[in-house]
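J.: My questions concern the predicted model and sequence given below.
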Amino acid sequence: MSIEKDINQKKFRNPYHKVTINMMYTNSWLINKYAKILRPYNLTDQQFKVLKILRENHPQACSVNYIIEGMVDKMSNVSRLVDKLVAKKLVTKVKSTFDLRSVNVVLTEKGKFIIEELLIVVDDYENSFFGLEVSEIFLLNKFFEKLKSN
């Protein structure tokens, strides 16, 4: 389906306007796709990203600032996200041994199990839904990186 049909818009000001709208629409589309995957686990995409960051560093604990640096959405309220993950018993907070004012976060066994399971589901999904060849995926990534470098 074309972006024109997706958003019921007949005309764009120029090709740059069209690609901008298309990328924003596609971002929203992807967020909705991931929300469906994460819904049975009672997780948001931002909570999922926190769990992924913690998994990459497991068994070491991560500071909240370290987690913020790894987030796609830099405006995320990581402290609030961590609190929600603590309530779900997926992570725990531990005092930093270097800075007593700082709190570090570490995966629980339940959190580790959930993220490992989810990564398999997400990998399968990502490998199947795009409908693009691997060479096209590399090209698309190249275009996105070029766009962001300007």
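T.: Alright, I've got the coordinates.
J.: now what about the lengthiest helix in the chain, what contacts it?
T.: In the chain, with assignment by DSSP state H, the single longest helix is helix 15-38. The contact list for helix 15-38 (C-beta atoms under 8 Å, 6 or more residues apart in numbering) reads 3, 6-7, 9, 12, 44-45, 47-48, 118, 121-122, 125, 129. All C-beta atoms are positioned from the backbone trio N, CA, C, and that covers glycine.
J.: again, only using 6 Å
T.: For helix 15-38, the external contacting residues (C-beta atoms under 6 Å, 6 or more residues apart in numbering) are 3, 12, 45, 48.
J.: So for those, which is the shakiest by pLDDT?
T.: Lowest pLDDT within the contacts of helix 15-38 is found at residue 3 (88).
J.: Leaving out sequence neighbours, find the closest residue to it.
T.: residue 22 (4.6 Å; C-beta to C-beta, 6 or more residues apart in numbering).
J.: before we move on, what about residue 53?
T.: residue 70 (4.4 Å).
J.: This protein: helices as residue ranges?
T.: Counting by DSSP H, the helices of the chain are 3-7, 15-38, 45-57, 64-70, 78-87, 109-129, 134-149.
J.: between these, which gets nearest to residue 103?
T.: Closest to residue 103 of those is helix 64-70 (C-beta to C-beta; 6.5 Å).
J.: so what does the closest one touch, helix or strand wise?
T.: helix 45-57, helix 78-87 (3 or more C-beta pairs under 6 Å, 6 or more residues apart in numbering; DSSP states H and E).
J.: tell me the mean pLDDT for the shortest one?
T.: Across helix 78-87, pLDDT averages out at 95.
J.: Could you tell me which residues within it count as buried?
T.: 78, 81, 82, 84, 85 (16 or more other C-beta atoms under 10 Å).
J.: for stretch 137-145, same thing?
T.: Under 16+ other C-beta under 10 Å, stretch 137-145 has no buried positions.
J.: Same check on stretch 50-68?
T.: Quick answer for stretch 50-68 (16+ other C-beta under 10 Å): 50, 51, 53, 54, 55, 61, 62, 63, 64, 66, 67, 68.
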